[in-house]
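> give me a model of this one.
(chains A, B and C)
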Amino acid sequence: MPVARPESSDTRIIAHIDMDCFYVQDEVIHIRKYLPSELAEELMPMFTSLHLIPSLTLLTRSIFFVVEQRRQPHLRGFPTAVVQYNSWKGGGLIAVSYEARKFGVKRSMRGDEAKKVCPQIQLVQVPVARGKADLNNYRNAGSEVVSILARKGRCERASIDEVYLDLTDAAETMLVETPPERLDVIDEEALKSHVLGLDEDGGDIKETVRNWLCRSDADHRDKLLACGALIVAELRIQVLKETEFTCSAGIAHNKMLAKLASAMNKPAQQTVVPFSSVKGLLDPLPIKKMKQLGGKLGSSLQSDLGVNTVGDLLQFSEEKLQERYGINTGTWLWNIARGISGDEVEGRLLPKSHGSGKTFPGPQALKTIASVKHWLNELCEELSERLLSDLDQHKRIAHTLTLHARAYKHSSDSESHRKFPSKSCPLRYGTAKIQEDAINLFQAGLREYLRLYGVKTLESQSSGWGITGLSISASKIVAIPSGTCSITKFFQTQEQSCFSSKQSCSMLIQEAGPLSCSGTEGCSGLTLTEPEAQFLNEEIGIKHSKAHDESCSSSKQSHSMLIQEAGPLSPSGTEVFSGLKLTEPQAEFPNAESRTWHSKTNLCHQEEISKTSKEQGTSSVTRFFHDLYPSSSSSKLQTDQVEYGTSPLPSTSNLDRIPDSGVEGFPSIDHMEIQKSFTAEDVRIKSSAVPSLEKRQQRQKISKDKGTSSILRFFQSCSSSSLVTEEKSGSTKNTEASPFLAPEILRLRAGFQTMQDGIHMLAPVEEATINSHEQSSGQIEQRETWNYRIDEIDPSVMEELPPEIQQEVWAWVRPHKRAHTAKQGSSIAHYFLPAKGS
DNA sequence: ACGGTTGGAACT
DNA sequence: TAGTTCCAA
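Got it, this is the predicted structure:
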C-alpha cells in the first residue's frame, strides 16, 4: 500500500495513459507487418477506425473484407474480440472492441457465447508458441508506446498497456515559456479534453474547454493541469502517428486521480481532474472502483463498515481506519478518500520480473512427471529467451528463479484442493539449466505437497494428484553495473553459476529425495570447482557481491539514473528502453568476441540458441549463434531427451568430478554466459555514441554488416605480438584509463600460490563475514577496484590462463566466416513482404 | 471443475 | 529470504 503524502497541496501534474482496447489494436499492428507497405498505408487507417483485426490466418479474407468495407462505408464499426485457445467453446475472450461491447460482449465470455450475442463478431486468436499463449507482440507494442510517452517526463510502465507520467517539470516549464493563454492555436485534440466540473452541456464545448485551458486568471494548479493536458494531447497524437494505437489519458495531481480519470472517457479521449473537482468525483464513486479496492479490502469496507462510496469513507476517523486495517492501510484509506495520494511515479520503463505460465484446467491437468517436465521445459524455454533478450537489450541479469504450481489432489477423503508450495532458487543462465532447476524445484515442491498431504506415491505416476497450473518466473533483475567490463562479468557469471549450483544442489539433495529424477544434475553446470578456478570466483565474488549490494540497495536510483543518464550517454533518451540501437560495428563485434569462448559450446547450447535465433533476428546474441550454427541440430533432439528424463548436460555430477578434474574445470565453463555477457557489454559500449535510427533501418544494417571486429583485430595482433591500443570509436566516454591486466594476473598467480600453500581462500564478502576467515582487508580493497576490458588485456596475460582457455582463445583467433544469408521470415510473411528487396 | 497470463507488492 | 497472498490488467 503506497504511503500517502500528508499534504493535500499537491501540485504535481500526473498523467495516466491507458491504451485503448490494447490487444485488439495490436492485432491491427500485427497485420501491418505482413502487408505490402503501400497497401498497408492505404488500409491501416481503416483497420484502425474499424477496430478490425484479422488474424494471420484470416488475412486474405480480411483484406477482401476491408475492401468491401471501403465500398460500403456504412458497414464500419465492426465488432471484434481477441480470444485465446479457441478450441474449447470458442476460446476465452481477453479483449473486446468497443463496437462489440455495444452488443453486450464481455471479457471472460467464451468465443461461442460472444457469437451468440453478436453473430457477426470477428474473433481473433492470440498467437500461440510452444503450446501456450505468446504475448510478445503485446509486450513489444507496449514498449513502442512507452518509448514515445517517456519523452516528456518520468515514466512508469504500470502494466503491459498502461503508463504513468510525471509531467510536473514539463508543465511548469511550459507555463513559463509558452503558457496556453499566449498560444494562438490550441491543439484540436486538447480541445476535446474532458474537464471534470466544467459544464459540458453548454453550447460550444470546445470553446468552453479552450477558455478553461487558456484562462489567464486561473488557479496556478489549473494552469499547470492545462499545460499537462496540452502535453498529453500531443503525446497521444504522437503515439497514434507512430504506432497507430489510440489511447486514453487522465491528467490530475496524483496517480490515483489520473488513473481514475483515464478510464472515464474511452476510447481515444482524455480527462482532466481540476483540484476543485476532486471531491465531486470521489464522493459518489463506488468504493470498488478505486485501485486497490477492487478485491477483498474493498469488499471488507462494504460489508464490515458499510462503505459503498468513497464519500462514505469520510466519516471514519484515521484512527478508526487504522485500528481496523492497520496503520498503513488505515492511513492510506483516510487519505485516498480525500483525494490525497503521495504515490510517486517511479521512473521505470522495464519490468521487474519475467514469467511464463500456463494453466491446465480440469481434464487437462497434468498427471505425470513426464508431462510436467515437458511443459516446464516449454515454459523455461520461453523464459530463457526473454531473459536473453533482456540481457541483450538492457544489460540486465535476473537472479532468482521461482516456480509456482497449482495442484489438486482427490482421494477418498475430502480435501480436493491443496496449496502447492512455490519454490525458488538462484537463477543460472542457459535454457537447459533453467529447465533443470525448474524441474528440481517442482519435484521439491511436489514432494512437500505430497508429504504434507500424507501420500505414498509411485515414482512418476500420479496417485491422485494433478497439476492444474505451472508457472516459472525470473525476478531480482538488476542492471549490470556500467563500470564493469566483460571479463569481470564473465567471472561474475561464473561465480553466480557456481554459487547457485552449490546452493540449489544442497537444497535439492536435501529436499528432492526419492522423487528427484535427475538427482544432482542441478549441479552439472557447475564447473569452477578447481582450486584456481575457485580462487578466481571468489576474487570476483568480492566485486560481484559489492556491485550486487549496491544495485540492490539503490535500485530505484540506479533505474532512474539509467534512464536519465541515458541522455548524455546516448543521443536519444528512449534508447535505453526501446532497445539498443546497433550500428554496423556493433553488429559483428560481439559475435566475433564471443567466438573466443564459444568454440567448445556443447550441443544443447547450440541447439538452444539456434532455435531462438529463428524468432529473434534482431538480437545480437541470437544472431551470433545463428551465424555460427546455421544448420545445427534440430530442436527436437533436446526436447526428446528432456522428455525422457535425460539431461542434455552431462549426467555426471560435477561434485563427482572434482577430484580428478584438475585444470580441466575451466574449459567446461558455461560458454553461454560468457558469450552473453560480452555481447551485452559490447552493445553498451558501442551504442552509446550512435545516433538513433529507425528500428527497421537498424535491422537491415545489422543483417548486412559483417566486418572485422575490433576485438578480433586485437587478438589477431596479439598473435603477431603487436599490441594494439583499442580506440573505441570515440564512444566510450570512459575517463579513467583502464589498466592492463598484468598486475591483476600477477595477483591471481600469487593467489594460486597462496592457495596451494594451503592458506584459506578469500570468500565472497557475505560469507567471509559470516565465517570470519582471516583476510587482508587491504587485499580486498585492491581487488574491488578492478576494472578492465577484454580488449585491453595485455597479450602476455594469455600465458597466465589455464592451457585449455589459451587453446580456446587461439583457436578462436581464426574467425569462422560464414556466408551471409538473409533472415527469412515465415513463408506467409515472405509472401506478403514487399518485393522491394530491402 | 478454469478466463488466462502476466506483473507488482505487502506481509510474515 | 523465501514463501504466501492479494491485486490488477
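
> what about A:Gly357, how many residues close to it?
Neighbour count for A:Gly357, taken as other Cβ atoms under 10 Å: 19. (Glycine included, C-beta is placed from N, CA and C.)

> next one: it relative to DNA strand B, how far apart?
In this view, A:Gly357 and DNA strand B are 4 Å apart by Cβ to the nearest atom of the strand, to the nearest Å.

> how about that residue, nearest residue that isn't a chain neighbour?
A:Ser471 (2.7 Å; Cβ to Cβ, 6 or more residues apart in numbering).

> dump the residue contacts of the one you found.
A:Ser471 sits next to A:Gly355, A:Ser356, A:Gly357, A:Lys358, A:Leu379, A:Leu403, A:His404, A:Ala405 when contact means Cβ atoms under 8 Å, 6 or more residues apart in numbering.

> same check on A:Lys223?
A:Leu175, A:Pro179, A:Pro180, A:Arg215.

> highest neighbour count among the residues you listed?
For the contacts of A:Lys223, counting by other Cβ under 10 Å, the largest number of neighbours falls to A:Pro180: 21 neighbours.

> my guess is that one meets A:Trp212, correct?
No. Between A:Pro180 and A:Trp212 there is no contact under Cβ atoms under 8 Å: 9.4 Å.

> find the residues that touch each one of these two.
Joint contacts of A:Pro180 and A:Trp212 (Cβ under 8 Å, 6+ apart) are A:Ala226.

> touching, A:Pro274 and A:Val195? I think so.
Yes. Between A:Pro274 and A:Val195 there is a contact under Cβ under 8 Å: 6.6 Å.

> tell me the residues of the stretch 201-350 of chain A that contact DNA strand C?
Contact residues (Cβ under 7 Å from any atom of the strand) of the stretch 201-350 of chain A with DNA strand C: A:Lys259, A:Met290, A:Lys291, A:Gln292, A:Leu293, A:Gly294, A:Gly295, A:Lys296, A:Leu297, A:Gly298.

> swap in 6 Å and give it another go.
A:Lys291, A:Gln292, A:Leu293, A:Gly294, A:Gly295, A:Lys296, A:Leu297 (Cβ under 6 Å from any atom of the strand).

> need the residues you listed in a markdown table with pLDDT, can you?
Below are those laid out as a markdown table (pLDDT from 0 to 100):
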| residue | pLDDT |
| --- | --- |
| A:Lys291 | 92 |
| A:Gln292 | 92 |
| A:Leu293 | 93 |
| A:Gly294 | 90 |
| A:Gly295 | 90 |
| A:Lys296 | 89 |
| A:Leu297 | 92 |
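
> among the residues you listed, name the buried ones.
A:Lys291, A:Leu293, A:Leu297 (16 or more other Cβ atoms under 10 Å).

> near DNA strand B too, which of these?
Of those, not one also sits near DNA strand B (Cβ under 6 Å from any atom of the strand).

> mind putting those into a markdown table with distance to A:Ser147?
Below are those laid out as a markdown table (distance: Cβ to Cβ, whole Å):
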| residue | distance to A:Ser147 |
| --- | --- |
| A:Lys291 | 25 |
| A:Leu293 | 32 |
| A:Leu297 | 35 |
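
> looking at the residues you listed, spot the one nearest A:Ser9.
Nearest to A:Ser9 among those, counting by Cβ to Cβ, is A:Lys291 at 22.4 Å.

> so which strand or helix has that closest one?
Using DSSP states H and E, A:Lys291 sits within no helix or strand.
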